[in-house]
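Peer 1: Here is my input; please provide its structure:
(chains A, B, C and D)
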Amino acid sequence: MTATTQTQGRAPSPMLTFLKQPLVVALILIVALLLLGETLSPGFASAQQILRLLIVAALLGIVAAGQNLVILGGREGIDLSVGGVISLSAIIAGNVMNGADSAIVPAVLACMAAGAFIGLINGMGVTLLRIPPLVMTLGMLGVLQGLLVVVRNGIPSGFAAPGLSRFVTQPFLLGLPGIIWLWVAIGLLMAFMLTRTVYGHRIYAIGSNEQAAYMAGVPVRAMRISLFMLSGVFAAITGICLLGYSGSSFANVGEQYMLASIIAVVFGGTPLSGGKGGYTGTMAGALLLVILQGILTTVHIDESGRQMVFGATLLLLMLFYGRGRAMRG
Amino acid sequence: MSKLIMRGVSKAYGATLALRRGDLTVEAGEVHVLIGSNGSGKSTLCKVLAGSVRPDGGEILIDGKPVTITGPHAAREHGIGIFYQELSLAGHRTVAENICLPDMPGGIFVDRKALEIRAARYIALFETVAGEGFSAEAVVENLRADQRQLVEIMKALATEAPITIFDEPTSALDRAQVDRFFDILRGLKADGRSIIFISHRMDEIFAIGDRVTVIRDGETVGTENIADTNPAAVIRLMVGGQDELAAGASAPPAAATDRKAAVLKAENFSGKGFANVSFEVAKGEILGFGGLHGQGQSAVLRAIFGANLAAGGTITLGGSAFTPSNPRTAIRRGLAYVSGDRSRDGIIQGRPIIENATPIHYLRQKLQLARPAALAARVKPALEALHTKFGGLSHPINSLSGGNQQKIVIARWLIDRPDVLLLDDPTKGIDLSAKADLFSLIRKLAEEGMGIVLYSSEDAELLNNADRILVFNGGSVRRELTGADRTRYNLYQAAYEAA
Amino acid sequence: MKKFAALALTTVAALAVSAFSTQAADYKIGLSNGWVGSEWRTQMIEQAQAAAAAWKEKGVNVEVVVQSANVDVPGQIAHVRNFISEGVNAIIINPNSPTAFDPVFAQAKEAGILVISTDAEVSSPDATYVGIDQKAWGAAGAKWLAETLGGKGNVVAINGVAGHPANEMRVAGYKEVFGQYPDIKIVNEVNANWDQAQGQQAMQNLLATNPDINGVWVQDGMAAGAWKSIIDAKKQSSIAATGEIRKDFIDLWVKDKLNSGASVNPPGVMASALNVAVLMLEGKELKEPATAGQYKNAMYLPIPFIDGKNVDQVAKELDGKPGYFSYTSQLSIADAEALFK
Amino acid sequence: MTTATISTQKPGGGLKRLVERYPFLPALLIALVLLALNGLYQPRSISFIGITGLVKTYLALMMLAIAQTYVVYAGDIDLSVGAIVSLVNVVIVVLMEKMGGSGFSVVAALGVGLLTGLACGIVNGIVVAALRLQAIVATFATSIFFTGLALYVMPVAGTPAPAAFWRTYGGRFFEIPFVFYAAILLAIVLYVLARTRLATQLLAVGDDAQAAFQSGLPVTRIRIQGYALCGLFAALAAFCITGDTASGDPLVGGKMTLFSVAAVVLGGSALSGGFGTVVGSIIGALIIGLINSLVFFVGTPSEWQNLVQGLAILIALMAGVLVGRRARA
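Peer 2: So this is what the prediction gives:
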């Protein structure tokens, strides 16, 4: 009996374990989707097109980095205000630089400061007043949407500086635009931060057991506030890049990133419960989502069909990832 | 014919074999004790029976008929009720609703009347000992820990199941509550019901049990009649061949220590749950906090550490004043605190062992980078000092048994030695061998000059290990026991004195 | 809790400070805008407010009260109900739905309030539509595109929000036109939700998978995005695409000599509607009753068109305006008066 | 006897006890203050007609807030409620039109509408509870699917609902508006629902799902039932919206989702589950409506309206959370 139990024990084969890694799942799905896209619409998987998809994925991936951190930090961490921050940042950046390369640096600094400030308010609401993040950031989203209207009213809207547009859309190094390199750099930085720094370990600690982290001297509140601030900063960077991508700023540009950034994180294998996961997967998750949307755009079907396929595919893909704990072991 | 027979039950979690061969036979009308060290598999065996864990193999017979238990609901239908060690209460619901939760009276609509009548029946059983604020309408979240445990007991009783499992039901109860509970159990026994009773307290086991089944390393190693055995024999069965791991095997307390070099001093220290507590801990001394559970011992320790708010009084650390504000500042000042509730206060679930062992090191060394090689060199000796068993530093902490998890939590404090170690019932729910390892280490640390405060809910641990014992009652110190005064009798007397 | 009651009161007090000073008005007109996601809407409100102020010279005091916020259909119905409570003489609405306001407009009419919708038609018989014909707007762009392409080629369309009535009318407009050109093939139609960046992404995907695109029919702000993708792909010489009317884009158009044409939906429509409303309130009668459109209650305004011929002039007119400023036109008071008996 | 014991145990006075017993009291207070302010700035807004209009307009959001409350009870969330409203709206309008708009067709269409809502709810329940996908992202995915379905049923907004239907909804019987009968009926239904076994079980699951499971509750089934109930109430919300708008619109409910979440929080329910009242959610929906109209009645300049609304709702949300917690602490 004992022997049989051990041999038929549920220890899965190493191969299967490898295949169940969120990152591996995402990469396999990416390749599969690219092949599918190429079959449905020839030219979809061309080098140029993949490059352009990468740019779009980078925009999503950068905001998802902040979302990822907030979610990793646990306590139902989530940031619904990123869409508002992106829009605000795109507007601020456009106005500050207004087509001048010389103003890129002040514009970037201004946007990051604004993003950090909004993150600070979110973080303080969540930690000091203990408002659930979903509620706090949802409320903040409403405030930012109102703020956008006020800010846009009576100020001249601006252009992206040519340097910024080149950075986002034109090849910079080894044929890849600067934004891809920025994304890669953020990816490396995040990986380093999460695995090799005390700050990273503390993120996992508060995400996995806040009370234990507190008892071990982790400054839980400051940590959590800093995560929301980072989320604001990453959203601000996406806003700036989005300005470079589209050339000029316009209202509500960030709206579509609110839930997309969360889905990218989930597709990357970070559950919304926090304390588990990482950013490498999220990068793959962002790419996966962008490719899926790209395929649906190129296929000639009714919008109703597109949405049904999109919704159903999202659900299907979620099944590949870590699902909630079964009640019964 | 036996009421319940479990044969060859096994269960693996991933690569960890939690239960290898669980056998258990329970008769009608008996209290059957299940005992084993932590991680021996006894809780898993109970969970299989209660339907919350799916077994990998083995068979279960109830009244001689083989049954398959597909879930807690099915277990209930097979006549199995359970008291959960970690409680299974709905915090925002009332006591009455919780008692009836598994089987709400009524159809689509709840029959409030029937619910109240049924709940009242079980509440009445404990009426005299439940304490202030306990009523059918009280919201469970507002109750004290012992009262919540009583609700869980009532909930288990309300299932009226022919077989009822009690998994450490008495850990938070006071003496009077335990006595009442045992009376009820005897009543059930007389009605022919079968009780499976799990406890770490030898005195309780011998007070209530009829037979005892011992589980070791996931295997049932024997069943004895309580009347035919004694504690020492049971312990021998539990630990198997490893004699050196017997309970309370630490050295007898050291003699007088240098009282002049006080490392920690509290004067008129007050806060939530305690008032006017004054004491001194000298370098090299182990100061014991004793008394009944929940008399302020833990609250004092947490307040010194800054985890709970203090209201008044002064704390002096190493000769200079210290105002506790949060654990962070306490750690910086050389305080260490180990909680018995490791899943709440200690372990960082799902994370590698190394990350669980290093947070204090990060803080005290003001580290920003986490270099694995450098950290491993610090962590390994600390883990070895506690005889910690682990696969690799990068394995998740959840892969270890409870005792070894607690050792990791303790080890995190030993990489950079604190001046004062506050132990808040550190052995709660860990097995005997881990306890022995822990106490021998504590004595060694004291000999090396650390000041140690030990609160334990197990009197034997205190008596065996503390140099002095402060007996708490009603939130303040009732008596100090030193030298030859440290007897069980004195301890009980001070503890049960009317507060 | 007290603290929060106090906080709430402070907010309210802050609101009160911004309260307008009431003045004796001949007419009080409510403007309702249910979406603030674009500069076009802001400009629409501003032009309408300016138009109201212009009536002063004529000796007519027109007071406007505005409700402009992101709301859903019920939220905008609440706008109308608030206006009824406020006791306005007329309501001008840029509606979030064509049909949803029938019951509430009936109530407004009962209360003696004149209801005019603008920018999007409504089915209510109790309201009048003053604005452009969205279908003709879509058709104008398509006609330009078809003629520019010489009547043949592969065309893609990038549309706004699927199911949105204005979008669907525009789609019907271009479909009708392209239907008349058998050699024009619509190879794909996608929705980019009137979002510039989504328009750009959609165009990118379409260019990658349909290398033989000759023309693009695209609306509003998405046109700037689509053109960005076309330029990034260096196909601006081989592709003709519809454009838009914001100064940013017009400047780019002139500078890069784009092959583009844009139907103008002027943000001045609400101002035009306001001028019509005031005249109606004065008791004047239209020369030709408003009976156009599918709901037989529309009065269509002319749709200016920008193409290579007049784009330089348009650019000159927009000189000095902010980048988000849309090329506009509106019925002046005199223009409006000419429509009445 | 019981109340006496509690009060001696926890000092804090009658108000606190009252709030513990009726957690929606603070929300009610806020709503009354807002109502008074509305009346102060625009007396006609609290006239009989004004109040009728308010109820008529926000009955749909109240229904949707109720729908959301039942899933929030169990600690779940449903971001697809708005899409369900849209779907049911177009389904019933199309059916009524197809069947000729007679009284019978209206009743039959409403029946199908309820079934549609129920089906959507069950799909959500299966996806979240049985397949164990994370509620936020999974219901977002189903919302895209439901929207696609709504677009398929009615590609463009506009089909009018038969007069028999909306004239009833907007009409009066014995001089009392229909919506008040609906509100009274709703109150009875809610009173009855609060006494069901399901309501208690949902709350118990929301308190601690693992504990509820170990207590022998069929947790998965209960959560699915919660979602099903949510779907039913979303269908009722669609009926209200169809009554008030007299037409079909495949996008009509989209923006209501986040408002429904806000209303639940405003009403003092905990998003983490286990605690809350439907009455609170109804009041929460009213608060949103009252804030929106107050911002107008005090004469806020148009460009500031969104911001002021956003701020006011954020503050009210925070108040809802804080007061709710104080009441339970």
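Peer 1: Against which helices or strands is the strand or helix carrying residue C:80 packed?
Peer 2: Following DSSP states H and E, one finds residue C:80 within helix C:73-86. Using 3 or more C-beta pairs under 8 Å, 6 or more residues apart in numbering or on different chains; DSSP states H and E, the elements in contact with helix C:73-86 are strand C:27-33, strand C:62-68, strand C:90-94, helix C:102-110, helix D:48-73, helix D:219-245, helix D:278-297. C-beta: built from backbone N, CA, C; applies to glycine.
Peer 1: would a markdown table of those with mean pLDDT, distance to chain A and mean neighbour count be doable?
Peer 2: As requested, the helices and strands packed on helix C:73-86 are exported to a markdown table (pLDDT from 0 to 100; distance: least, C-beta to the nearest C-beta, whole Å; neighbours: other C-beta atoms under 10 Å in any protein chain shown):
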| stretch | mean pLDDT | distance to chain A | mean neighbour count |
| --- | --- | --- | --- |
| strand C:27-33 | 93 | 11 | 25 |
| strand C:62-68 | 91 | 8 | 22 |
| strand C:90-94 | 95 | 15 | 27 |
| helix C:102-110 | 90 | 25 | 21 |
| helix D:48-73 | 91 | 11 | 26 |
| helix D:219-245 | 94 | 6 | 26 |
| helix D:278-297 | 92 | 10 | 27 |
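Peer 1: Let me know which of these is the nearest to residue B:393.
Peer 2: helix D:219-245 (36.7 Å; C-beta to C-beta).
Peer 1: The helix or strand just after the closest one near chain B anywhere?
Peer 2: Tracing the chain C-terminally past helix D:219-245 and defining elements by DSSP H and E, one meets helix D:256-266 next. No. Helix D:256-266 stays clear of chain B (C-beta under 8 Å from any C-beta of the partner chain), getting no nearer than 15.7 Å.
Peer 1: In three-state terms, label the most centrally placed residue in chain C for me.
Peer 2: Chain C has residue C:119 as the residue nearest its centroid, 4.6 Å off, counting by C-alpha atoms, centre = their mean. Secondary structure state of residue C:119, per DSSP: H, G, I helix; E, B strand; the rest coil, is coil.
Peer 1: what's near enough to touch residue A:267?
Peer 2: A:22, A:26, A:281, A:282, A:284, A:285, A:286, A:288, A:289, A:317, A:318, A:321 (C-beta atoms under 8 Å, 6 or more residues apart in numbering or on different chains).
Peer 1: right, and the residue nearest to the centre of chain C touches residue C:270 too?
Peer 2: Yes. If you go by C-beta atoms under 8 Å, residue C:119 and residue C:270 touch, sitting 7.2 Å apart.
Peer 1: okay, and the common contacts of these two?
Peer 2: With C-beta under 8 Å, 6+ apart as the test, residue C:119 and residue C:270 both reach C:44, C:94.
Peer 1: Which parts of chain C are strands?
Peer 2: According to DSSP state E, chain C carries its strands in the segments C:27-33, C:62-68, C:90-94, C:114-117, C:127-131, C:153-159, C:184-191, C:215-218, C:240-242, C:260-263, C:298-300, C:305-306.
Peer 1: TSV for these, including distance to residue B:181?
Peer 2: Listed next are these as TSV, based on distance: least, C-beta to C-beta, whole Å:
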stretch	distance to residue B:181
strand C:27-33	69
strand C:62-68	66
strand C:90-94	71
strand C:114-117	75
strand C:127-131	76
strand C:153-159	72
strand C:184-191	67
strand C:215-218	77
strand C:240-242	82
strand C:260-263	84
strand C:298-300	82
strand C:305-306	88
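Peer 1: For chain D, which of those strands is the nearest?
Peer 2: strand C:62-68 (3.7 Å; C-beta to the nearest C-beta).
Peer 1: That closest one to helix D:278-297, inter-axis angle?
Peer 2: 150 degrees (axes from the mean of the first three to the mean of the last three C-alpha atoms, to 10 degrees).
Peer 1: Each with direction, which strands does strand C:62-68 pair with?
Peer 2: strand C:27-33 (parallel) (DSSP bridges).
Peer 1: Residue C:228 touches residue A:244, doesn't it?
Peer 2: No. The criterion here is C-beta under 8 Å, and residue C:228 misses it with residue A:244 at 10.6 Å.
Peer 1: Ramachandran coordinates for the closest residue to residue D:306 other than its chain neighbours?
Peer 2: Excluding the flanking residues, the one nearest residue D:306 by C-beta to C-beta, 6 or more residues apart in numbering or on different chains is residue A:146, at 3.4 Å. Reported as degrees, to the nearest 10, the phi and psi values for residue A:146 are phi -70, psi -40.
Peer 1: tally of neighbours for residue A:146?
Peer 2: The local packing of residue A:146 (other C-beta atoms under 10 Å in any protein chain shown) involves 26 other residues.
Peer 1: How about the secondary structure of residue A:62?
Peer 2: helix.
Peer 1: Kindly check the end-to-end length of stretch B:84-101 for me.
Peer 2: Stretch B:84-101 has an end-to-end distance of 14 Å (criterion: C-alpha to C-alpha, to the nearest Å).
Peer 1: I meant to write stretch C:146-155 there.
Peer 2: 9 Å.
Peer 1: just how off-centre is it within its chain?
Peer 2: Taking C-alpha atoms, centre = their mean, to the nearest Å, one finds the center of stretch C:146-155 at 27 Å from the center of the full chain.
Peer 1: Does chain A have contacts with that stretch?
Peer 2: No. If you take C-beta under 8 Å from any C-beta as the test, stretch C:146-155 misses chain A, and the best it gets is 11.9 Å.
Peer 1: ok, the residue lying closest to residue D:53 once chain neighbours are set aside - contacts?
Peer 2: Counting by C-beta to C-beta, 6+ apart, residue D:53 lies nearest to residue C:81, which is 4.0 Å off, once chain neighbours are set aside. The contact partners of residue C:81, taken as C-beta under 8 Å, 6+ apart, are C:104, C:107, D:50, D:53, D:54, D:57.
Peer 1: Which pLDDT value goes with residue C:81?
Peer 2: Listed pLDDT for residue C:81 reads 91.
Peer 1: cool, residue B:252 as well?
Peer 2: Reported pLDDT for residue B:252: 46.
Peer 1: can you check residue A:209 too?
Peer 2: 91.
Peer 1: Any figure for the gap between the nearest residue to it once chain neighbours are set aside and chain C?
Peer 2: In space, and not counting its chain neighbours, residue A:209 is closest to residue B:348: 5.0 Å by C-beta to C-beta, 6+ apart. When distance is defined by C-beta to the nearest C-beta, to the nearest Å, residue B:348 is 36 Å away from chain C.
Peer 1: Phi first, then psi, for residue B:348.
Peer 2: With angles defined as degrees, to the nearest 10, residue B:348 sits at phi -100, psi 100.
Peer 1: returning to what we had before: spit out the contact partners of the residue nearest to residue D:306.
Peer 2: C:69, D:304, D:305, D:306, D:307, D:308, D:309, D:310, D:311.
Peer 1: One more pass at 7 Å, please.
Peer 2: Shown in contact with residue A:146 (C-beta atoms under 7 Å, 6 or more residues apart in numbering or on different chains): D:306, D:307, D:308, D:309, D:310.
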